[in-house]
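Peer 1: Next input, structure requested:
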Amino acid sequence: MSVDYDLIVIGNTSEAIYAAAQASNLKMRVALVEHSFERNLDRSEAIFGRSYTYFTNLFARVNQVVPKLNKPNWQLLQTWTKEAEAILSEYNTLPLLAAKGVDIILGTGEFCRLPHLACIVNQRRLRSRTYLLATGSIFVPPKIIGLEEINYLTVSDVWQKQTLDNLPGKLTIIGESISAIQLAQNLQQLGKQVTLIVESERILPQEDFEISWLLQAQLEAEGIQLFTNTLVTHVKLIDGQKWLQFGNQAIETNEIIIDCQLLPNTDGLNLEGVGVKVNLNGVLVNEKLQTTHSRIYACGGIVTGYSPFNIAQAEVDIILKNILFYPWFKINYTHLPYCLFIHPTIARVGLIEKQARQYKNEICVISMPYKMNAQAQISGETTGFIKLIINEQGYLLGGHIIGVQAEEIISAIALAIQHKISIQSLAKLPLPSLTVSVIIHQAALYYQNQSLQKNKKLLNWYETWLIWQRKLVKK
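Peer 2: Residues are numbered from 1 along each chain as shown. Modelled structure (predicted):
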């Protein structure tokens with residue numbers, strides 16, 4: 001029995017739409033099953049968070065030069081953001097996919113094993129050579145006693161103008177994702193009194209230790225009250241005020257904002273029925289991004305709970321090559337950068353220092369502060385540093401940046417890791433002066449000078465050579 005498609009993509013996420021479009025470009029017969037859920041992680045939220053962070057910090061910078069400005073025009077900002085999101089979405093609309101030849105099927109898909117592997121949508125049995133799970137993540141509130149008995153807001157709720165205009169002065173945010181940190185900073189810039197409660201020992205524990213501590217110091221310097229290593233156990237409404245209890249402490253607040261957990265969106269797919277294993281983190285995949293059923297692939301949030309689009313995009317590219325040819329291509333995350341759009345921006349690629357010291361016998365760590373960069377001084381954005389992890393042969397293992405334009409600078413480091421460009425070559429990289437990107441050149445030169453000072457034989461040879469040269473000069 002022949003199959004209907006080369007690939008059936010299940011999901012309504014950005015990576016699902018990208019996968020369907022790219023597969024169509026490769027002349028595959030493709031179907032996209034929307035499989036939408038109300039609680040699905042919305043791409044526009046990331047755009048809203050990025051826009052609000054950009055404009056609140058821009059407003060704060062201008063306010064330093066021109067004091068006593070009015071508050072930002074949130075209605076104008078929301079209109080601006082929605083227009084930007086609408087323009088960006090035009091390039092990935094369902095009509096455009098249909099024009100490319102992709103079959104758009106609205107409805108929820110469910111796998112069945114017998115008599116053949118297939119995806120059933122609206123009582124229609126669809127068969128394909130391969131399938132791609134790209135349903136992303138869903139929001140799930142944390143389990144806190146009393147939470148369901150009071151009114152609370154989510155991070156998604158707050159981005160709406162009607163909510164922003166009516167927020168009280170004293171706010172408590174429970175959560176430690178980038179969205180929660182973004183929101184805490186934005187609300188603090190608006191003049192709110194913000195408390196941020198995180199369960200981990202420090203902010204962003206997956207990031208480099210020094211970077212997470214600098215971010216934590218920045219949040220506290222902005223006036224945000226921060227509780228780390230804290231688990232909220234109870235919430236309660238007393239005399240019109242909301243109270244939160246953690247350990248032997250209790251705090252009062254006007255409003256509670258919940259940063260919901262992101263869990264892989266596997267509802268209704270019947271993955272167990274076709275032998276696809278799922279754990280608490282997500283769908284299990286191998287290095288080729290195959291699930292435990294070799295014809296079913298997965299990428300993005302359904303695998304990890306949260307995945308930046310550029311990483312999900314790289315996963316899709318690997319999956320399509322495996323589908324088109326033969327499944328021998330493997331994903332390599334070491335050269336894939338990602339950015340966290342808070343203030344200051346955090347960007348990372350490769351290993352952190354702790355990981356590098358576990359796997360390598362000898363490494364060198366170079367750190368260069370932003371205050372030594374001319375453009376950072378000119379713009380007054382001197383908070384931050386660049387940190388490079390280098391092996392004994394002079395090749396980069398990882399790069400970490402916290403500071404202005406980190407999202408732009410990290411690409412050069414990612415390229416150096418991917419193509420095994422040495423740190424010595426970066427020292428020769430021609431970069432325009434009075435730019436923030438020069439900090440890469442500064443760090444590379446520092447490494448070069450440090451290496452030279454350790455090479456006593458070469459320094460002695462230089463000294464002997466210069467003495468001989470001086471003697472040749474005629475008096």
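Peer 1: Going by C-alpha atoms from here, please, whenever you check contacts or count neighbours.
Peer 2: Noted.
Peer 1: Quick check: Leu397 is in a strand.
Peer 2: Yes. The secondary structure assignment for Leu397 places it in a strand, going by DSSP: H, G, I helix; E, B strand; the rest coil.
Peer 1: From Glu210, how far off is it?
Peer 2: Relative to Glu210, Leu397 is positioned 17 Å away (criterion: Cα to Cα, to the nearest Å).
Peer 1: okay, these two: which has more neighbours?
Peer 2: Neighbours were tallied for Leu397 and for Glu210 using other Cα atoms under 10 Å; the higher tally belongs to Leu397 (27 against 14).
Peer 1: wait, what's in contact with that one?
Peer 2: Remark: with contacts taken as Cα atoms under 8 Å, 6 or more residues apart in numbering, Leu397 is in contact with 350-351, 356, 388-391, 417.
Peer 1: same thing but at 10 Å, please
Peer 2: When contacts are counted by Cα atoms under 10 Å, 6 or more residues apart in numbering, Leu397 is found next to 334-335, 349-353, 355-356, 360, 363-364, 388-391, 413-414, 416-418, 420.
Peer 1: Got a ChimeraX select line for the buried ones in these?
Peer 2: Command for ChimeraX that selects the buried part of the contacts of Leu397, burial taken from 16 or more other Cα atoms under 10 Å:
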select :335,349,350,351,352,353,356,363,364,388,389,390,391,413,414,416,417,418
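Peer 1: Now go through the contacts of Leu397 and say which are in strands.
Peer 2: Assigned to strands by DSSP state E, the following of those qualify: 349-350, 363-364, 388-391.
Peer 1: which one of the residues you listed sits closest to Glu34?
Peer 2: Looking at those and their distance to Glu34, the nearest is Val349, at 32.1 Å (Cα to Cα).
Peer 1: who does the closest one bridge with?
Peer 2: According to DSSP bridges, the partner residues bridging Val349 are Gly399.
Peer 1: Also Arg125?
Peer 2: Beta-bridge pairing of Arg125 under DSSP bridges involves Ile120.
Peer 1: shaky segments in the protein?
Peer 2: By pLDDT under 70, the weakly predicted segments of the chain are 1, 36-45, 64, 66-74, 89-92, 160-163, 474-475.
Peer 1: Quickly list the domain ranges of it.
Peer 2: With automatic domain parsing serving as the domain definition, the record reports that the chain contains domains spanning 5-139+263-324, 142-259, 338-456.
Peer 1: measure the second one end to end?
Peer 2: Taking Cα to Cα as the measure, domain 142-259 stretches 8 Å from start to finish.
Peer 1: In three-state terms, label the residue nearest to Ile331 when sequence neighbours are not counted for me.
Peer 2: Once its chain neighbours are removed from consideration, Ile331 has its nearest residue in Glu287; the separation is 5.7 Å (Cα to Cα, 6 or more residues apart in numbering). Using three-state DSSP, the three-state assignment for Glu287 comes out as coil.
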